[in-house]
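Asks: Generate a structure from the sequence data that follows.
(2 chains)
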There are 2 protein chains.
Amino acid sequence: MELFAVEGLPEIEPGDDLAAEINARVDLRADDVVCIASTVVSKAEGRIAELAEYPAGPRAREIAANLSGLSGREKDPRFAQAVLEESVELLMESPFLLTETRFGHVGVNAGIDRSNVPGGELLLLPKRPSESAARIRTELPAEQVIITDTCGRPFRYGQRGVAIGWDGMPASRDWRGAIDRDGRQLGVTVQNVIDELAAAANLVAGEADGGTPVIVIRGFEFGDLPGSQNHFRDLETDYVRQALRGWSYNPQGGNA
Amino acid sequence: MELFAVEGLPEIEPGDDLAAEINARVDLRADDVVCIASTVVSKAEGRIAELAEYPAGPRAREIAANLSGLSGREKDPRFAQAVLEESVELLMESPFLLTETRFGHVGVNAGIDRSNVPGGELLLLPKRPSESAARIRTELPAEQVIITDTCGRPFRYGQRGVAIGWDGMPASRDWRGAIDRDGRQLGVTVQNVIDELAAAANLVAGEADGGTPVIVIRGFEFGDLPGSQNHFRDLETDYVRQALRGWSYNPQGGNA
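Replies: Below is the predicted model:
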């Protein structure tokens, strides 16, 4: 399996044809997986916004006032409003905003980016990233497209690449029923391959000045195991999410 | 960047020289990253155990009785005892055991494996995986070694490869201070590269009958950014862990 970046892409602007820009720079094969950073998909789709578009309601003002008090720095209630409008559930409101986006992804600030936004103040995640992936895929010779983002996670330090949208392949590979070397059945093992592909792509992507937002993965074989489209956890098996529902941050440390 | 599996490794047994088995099958380069599944490191180190070695104390019996009641299947209190002995903190005791291992990794059942254990009932994780990585590295031409495992995570479905030990490289790459294309400073962004390398390796490793536990990553460039050895979160910034301390599972659904 090999990974390489698509070099020489221009700064993407609203209305740009991302697939055409990619096709002009690389000869893709049908079995390639093309990983595209959500930032350029958002820019092409015009998901750029101004804070003035989000007049803050009472809930956003309350959240921002609380965060301002905690951090000692003034937090803009319009930003909190933007996060709320991109989300279906607020999982944590302090010491930062953790939400579930409208398409099921759990992330800080609903994935809204305030750096690297030419011509605007906010870069929102694509509205429906799997639909973006499907649309781009129809214009590429490659039959698999993943829209990637980076985010943090509990227990482990730092961020890593994750998939937020995908098309043309299953999200996960199901090893249940497969047997080990001694002929015993393996335990419950479902491998989320699209997150692993996104993490791999992030290793060659970079984020800053020299960032290359489109990565081609060549030679990945999904294999013969069953696949599924499950990518985000159900609430019923997400005990951490259940725990967060009953918790609130205590700046003095320990549990509230 | 390319990834390939080391083919033809024998079934590893206690006392085997893993580095020699690898060197016999692949010409490694100094800049290769060698990802080794914890299962074969554990086997070589003899981390195979029997349930009879873990006579259950009162806490393990209480945990197992509770899990048995929940699942309707008899749970062995000696297994709970083994998990407790491999752990420094129990984060969840129901509906499954989530703990922090003695080396700082948070996982289900302290990562103890009950499948794929020739000659024993339990396969424990390596005692100090980063020391295992360091020891193997001295016998390989490659200068970077990562010990991998797979585990689940909150919010996202399925498992993915993670690093549990490493040597010869930083765990994470620090983009703070780097600037975006418009010259603005990027937000807080620390990239956990060893987890991303482990996830990438898992894409070509497989888990069952045809599993290849050693993967070579060639052409990865850490680059000039500062690195750090941070890999597991501190409790002070792990709000999910704080939330779990105040939570207990309610089988009727919702929060306790």
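Asks: When you work out contacts or count neighbours from here on, use the C-alpha atoms and nothing else.
Replies: OK.
Asks: List of residues touching the helix or strand of chain A with the lowest mean pLDDT?
Replies: Here the helix or strand of chain A ranked lowest by mean pLDDT, DSSP states H and E is helix A:239-245, holding a mean of 90. With C-alpha atoms under 8 Å, 6 or more residues apart in numbering or on different chains as the test, helix A:239-245 has contacts from A:91-92, A:235, B:154-155, B:240, B:243-244, B:246-249, B:254-255.
Asks: Quick one: buried ones out of those?
Replies: For the contacts of helix A:239-245, a burial check counting by 16 or more other C-alpha atoms under 10 Å in any protein chain shown picks out A:91-92, B:154-155, B:240, B:243-244, B:246-249, B:255.
Asks: Could you give the bridge partners of the one residue in the stretch 1-150 of chain A that gets nearest to chain B?
Replies: Closest approach between the stretch 1-150 of chain A and chain B, counting by C-alpha to the nearest C-alpha: A:Glu2, at 4.0 Å. For A:Glu2, the beta-bridge partners are A:Arg218, B:Glu2 (DSSP bridges).
Asks: Could I get the CA-only coordinates of stretch A:41-56 as CSV?
Replies: Written as CSV, here are the backbone C-alpha positions of stretch A:41-56 (Å, rounded to 0.1, in the frame of the first residue of the first chain):
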residue,chain,number,x,y,z
VAL,A,41,-14.4,20.6,0.5
SER,A,42,-15.9,23.3,2.7
LYS,A,43,-14.2,26.1,0.8
ALA,A,44,-15.3,24.7,-2.6
GLU,A,45,-18.9,24.4,-1.2
GLY,A,46,-18.8,28.0,0.1
ARG,A,47,-19.2,27.0,3.8
ILE,A,48,-17.5,30.2,4.8
ALA,A,49,-19.4,32.4,7.2
GLU,A,50,-19.1,35.7,9.2
LEU,A,51,-19.8,35.9,12.9
ALA,A,52,-22.4,38.6,12.1
GLU,A,53,-24.5,35.9,10.6
TYR,A,54,-25.0,34.4,14.0
PRO,A,55,-26.8,36.8,16.3
ALA,A,56,-26.5,35.1,19.7
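Asks: Give me the contacts around it.
Replies: A:12-18, A:77-82, A:117, A:119-126, A:132, A:147.
Asks: from the chain's centre, how far out does it sit?
Replies: 17 Å (C-alpha atoms, centre = their mean, to the nearest Å).
Asks: That stretch: which residues count as buried?
Replies: Applying 16+ other C-alpha under 10 Å to stretch A:41-56 flags A:41-49, A:51, A:54, A:56 as buried.
Asks: Give me the buried subset of the contacts of stretch A:41-56.
Replies: Neighbour counting by 16+ other C-alpha under 10 Å classes A:12-13, A:16, A:18, A:77-82, A:117, A:121-126, A:132, A:147 among the contacts of stretch A:41-56 as buried.
Asks: Among these, which lie within helices?
Replies: A:18, A:77-82, A:132 (DSSP state H).
Asks: which intervals of the stretch 51-200 of chain A have sub-threshold pLDDT?
Replies: Within the stretch 51-200 of chain A, the segments meeting pLDDT under 70 span A:116, A:177-188.
Asks: Walking through the stretch 51-200 of chain A, point out its helices one by one.
Replies: A:58-71, A:77-85, A:129-137, A:193-205 (DSSP state H, counting those that start in this stretch).
Asks: want to try a markdown table for the ones you listed, with distance to chain B as columns?
Replies: Listed next are the helices of the stretch 51-200 of chain A as a markdown table, based on distance: least, C-alpha to the nearest C-alpha, whole Å:
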| stretch | distance to chain B |
| --- | --- |
| helix A:58-71 | 14 |
| helix A:77-85 | 15 |
| helix A:129-137 | 16 |
| helix A:193-205 | 5 |
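Asks: ok, and which of the ones you listed has the densest surroundings?
Replies: Among these, ranked by average contacts under mean count of other C-alpha atoms under 10 Å in any protein chain shown, first place goes to helix A:193-205 (a mean of 28).
Asks: report the angle between the axes of that one and helix B:193-205?
Replies: Using axes from the mean of the first three to the mean of the last three C-alpha atoms, to 10 degrees, the inter-axis angle of helix A:193-205 relative to helix B:193-205 is 130 degrees.
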